[in-house]
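*Asks:* turn this into a structure:
(2 chains)
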Number of protein chains: 2
Amino acid sequence: MEREELFRKISIGNDKKMVLLVLDGLGGLPRDGRTELESARTPNLDLLAAESELGLSHPIAPGVTPGSGPAHLSLFGYDPLKYEIGRGILEALGVGIDVNARSVAVRGNFATLENGLISDRRAGRIPTEKNRELVAFLGKRIRKIEDVEIRLYSGEEHRFVLVMTGDDLDDRLSDADPEATGLPLKYAEARDEAAARTARIVNLFIERLGVELAGQHPANTCLLRGFAKYPAIPSMGDLFKLKAAAIAVYPMYKGLAQLVGMDVLATGRSIRDQVATLKQHYADYDFFFLHVKKTDSWGEDGDFARKVEVIEEFDHWLPEILELTPDVLAVTGDHSTPALMKGHSWHPNPVLLKSPFLRRMPADARMVDAFACGKPDGTDGQSCGKVSVSAPAAKFCETACARGVLGHIHAMDVLPLMMANALKFKKFGA
Amino acid sequence: MEREELFRKISIGNDKKMVLLVLDGLGGLPRDGRTELESARTPNLDLLAAESELGLSHPIAPGVTPGSGPAHLSLFGYDPLKYEIGRGILEALGVGIDVNARSVAVRGNFATLENGLISDRRAGRIPTEKNRELVAFLGKRIRKIEDVEIRLYSGEEHRFVLVMTGDDLDDRLSDADPEATGLPLKYAEARDEAAARTARIVNLFIERLGVELAGQHPANTCLLRGFAKYPAIPSMGDLFKLKAAAIAVYPMYKGLAQLVGMDVLATGRSIRDQVATLKQHYADYDFFFLHVKKTDSWGEDGDFARKVEVIEEFDHWLPEILELTPDVLAVTGDHSTPALMKGHSWHPNPVLLKSPFLRRMPADARMVDAFACGKPDGTDGQSCGKVSVSAPAAKFCETACARGVLGHIHAMDVLPLMMANALKFKKFGA
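*Replies:* Numbers count the residues shown, from 1 in each chain, chains lettered A, B, ... in the order given. Next up, the predicted model:
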């Protein structure tokens, strides 16, 4: 039996509430002996850790650094090696374009054609303003090719995204890009017979665009790269019988959530706003994905201190989420973004799982881990005042998670563990 | 996407150096409370452990005791259940026979045929000397059958290995062995149409051998078991873009390394010689596999003390390897060979991983583990003098590894983790 077949079989709906809190790029590497999470003062996370199961999770496989797409699919319970999200679709999701299962998306460049040869693959990096103007113009002139709907979206400078929506479109096409200057236009070729019609549409589009932009030198033609179909992923409703909602600020994460059938809730940009949105819609769904972006952004920038600050800001708002008393709560990252590496990394993510059905680490063992990560505990002068002297010295940090009762798991097991703890999985087999 | 497809996609070449140090059969079981590794005085390994990630690795799956073939494939990053190395090929590799992708190897017995029936399946266990004589004789008489090259290699007593090399040979053959006395000769049968020609060659060989040995009673015929083709394994160059070299003394390990495309470097027999070979060729490769055999040999003999001595000898030479400052270093075993069990076992192997991108276990946590495994640390009277009193009390031992930040992993994840730490993997997905 396939993993998904199993989940479909054992998932049952009930009214328990699950909240998945994702701090993007949460995991880190130590500077002066402490990671970002270990450096942050997180009295609320630490209190929560004392009554939670801790562990580490690999997004894809040990050693493999994920992009945001596969890392999130994994957290949503999907095998990230089973569903590949093509570049064009991610790009479209990333700028908030409406794509669906009938869409093929592709990244485009405006380019310059002179005497039948490509002389500039970026049309002299035309200003973004000019790009918008051209896209608006083309939007009026090219609405359909045969029965396929054509939409264009401006990116920065010479970049745009083309979305084709229609029946039986196929993304098995070679790039329509000669990949060098001094060569003639290159048309898309079908790499599978089923893609022949899509190739024809694409090439008709390229010709139409050339006609429309004939007087617009240097932006008088286009190159198209990375054709991608909207992947056919079963929804979380289908797989897990969940009514799921996403509270995310950045388009790519909203898009990824939409991809697996979540409702994307309108929200403000701050963590405070996102928590308010969670409260407001708390009655309407049984699964919430709340995505905090800035931990990753500062990690990517190599700004250790500001990544620490975002973790502390998140910790500040955590009690408001806890007041909702979700039946199951998980706090984790999608991947690590150590400030010291200025980018995503392969290091497994801290995971915290809270429910009424836990094997908790006894205080003595946690005490050891508290010493281990060197994180200030609630019993010292740095206490936030909420932590009583007798509180177990638990810490939410990589070191404690490396030794937590949850062990080292695959990120795609986080959601099934949440399901189990929400009693949303029935017994498998008799 | 398959695991190998993933690796092929994300592997990138760079000039970082990786060294994999394999102490064969390293893992052990405690005698008087300490395993072989815990009993050994290993000041250099322990110092290294203080700045490394520790963990345990399963060669095949929990509970499964591996032979050397699958255990090494796993360490080289291959799924040991995907590639089975047939007995005949392992036997050939084990005695240092040159086999390649066009070869089929099979184990043979000299046997006795009387009145058309097999009367002794081992030809009265003829002396090895006699075996060599027969093989030399046959070597001159049977060099080719059709266009297939025939080579015979003596084993002990009645045993030999037959290697056939030619185009389109196939190992899907039934054994040419009646498996009991009192039965007539049994010829090989093709279990797939594609193997029909190979079956014919094999059976012609059996007939020719019978003719040539007509006067050599009791060794006047042969039985053949375990036809095996040289497995089609992608090379480490193909899969991981590595230029890889092996420094091993025993033929089987050289053969296994060759199987995955490593260059096998000529080396002396001692650990000292092997380290000298590593130094000599250090500029020429970006991955080195250095194999220490004797830990396993003494484990197999049940000689706890001598296994301890080999570990200590290795520890003595370790600093010379560290002076090369490889970007990524791993120390592990291929499987456990507890002296108390006098054989391979299923117990997971200690793994130590050193690179610049580690989550290290802070000293206090290691101290706990040092107490836990009871290994003498650098601060007590048993110190070698190199370890200062202030050194973190880290230990490279099964107990510390069981709680290490690396967790419990599969042995086939060791190489991907080394690749990640050498920045030889790019991000998967956007």
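
*Asks:* switch to C-alpha atoms for all contacts and neighbour counts from now on
*Replies:* Noted.

*Asks:* contacts for stretch A:162-174 next, please.
*Replies:* Stretch A:162-174 is contacted from outside by A:99-100, A:102-108, A:147-153, A:188-192, A:194-195, A:197-199, A:227-229, using Cα atoms under 8 Å, 6 or more residues apart in numbering or on different chains.

*Asks:* mean confidence score for stretch A:310-320?
*Replies:* Mean pLDDT, computed over stretch A:310-320, is 98.

*Asks:* and the helices in the stretch 101-250 of chain A?
*Replies:* Secondary structure of the stretch 101-250 of chain A (DSSP state H, counting those that start in this stretch): helices at A:128-141, A:196-212, A:236-240.

*Asks:* what would these look like in TSV with distance to chain B and mean neighbour count?
*Replies:* Compiled in TSV, these are given as follows (distance: least, Cα to the nearest Cα, whole Å; neighbours: other Cα atoms under 10 Å in any protein chain shown):
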stretch	distance to chain B	mean neighbour count
helix A:128-141	23	15
helix A:196-212	24	18
helix A:236-240	21	20
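
*Asks:* can you lay out the ones you listed as TSV showing mean pLDDT?
*Replies:* Converted to TSV, the helices of the stretch 101-250 of chain A look like this (pLDDT from 0 to 100):
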stretch	mean pLDDT
helix A:128-141	96
helix A:196-212	97
helix A:236-240	97
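
*Asks:* dump the ones you listed into TSV; add distance to residue B:22 as well.
*Replies:* Converted to TSV, the helices of the stretch 101-250 of chain A look like this (distance: least, Cα to Cα, whole Å):
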stretch	distance to residue B:22
helix A:128-141	57
helix A:196-212	53
helix A:236-240	44
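
*Asks:* report the buried residues of the longest helix seen in chain A.
*Replies:* For chain A, the longest helix by residue count, based on DSSP state H, is helix A:304-322. Using 16 or more other Cα atoms under 10 Å in any protein chain shown as the test for burial, helix A:304-322 gives A:304, A:306-318, A:321.

*Asks:* what about residue A:291, helix or strand, and which?
*Replies:* Per DSSP states H and E, residue A:291 falls inside strand A:287-292.

*Asks:* centre of the chain to that strand, how far?
*Replies:* Distance, stretch centre to chain centre, for strand A:287-292: 11 Å (Cα atoms, centre = their mean, to the nearest Å).

*Asks:* then stretch A:102-113?
*Replies:* Computed by Cα atoms, centre = their mean, the chain-centroid distance of stretch A:102-113 equals 23 Å.

*Asks:* contacts only, for residue A:94.
*Replies:* Contacts of residue A:94 (Cα under 8 Å, 6+ apart): A:250-253, A:255.

*Asks:* that older thread, so which of the helices of the stretch 101-250 of chain A comes closest to residue B:219?
*Replies:* With respect to residue B:219, and counting by Cα to Cα, the nearest of the helices of the stretch 101-250 of chain A is helix A:236-240 at 66.2 Å.

*Asks:* ok, residues contacting the strand ranked longest in chain A?
*Replies:* Ranked by number of residues, the top strand in chain A under DSSP state E is strand A:103-114. Strand A:103-114 has contacts (Cα under 8 Å, 6+ apart) with A:87-89, A:91-92, A:99, A:118-124, A:158-166, A:169-171, A:217-230.

*Asks:* if any of the residues you listed are buried, put those into a PyMOL selection.
*Replies:* What follows is the PyMOL syntax for the buried subset of the contacts of strand A:103-114, where burial is set by 16+ other Cα under 10 Å:
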select buried, chain A and resi 87+88+89+91+92+99+118+119+120+121+122+123+124+158+159+160+161+162+163+164+165+166+169+170+171+218+219+220+221+222+223+224+225+226+227+228+229+230
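
*Asks:* I appreciate the help and will end here.
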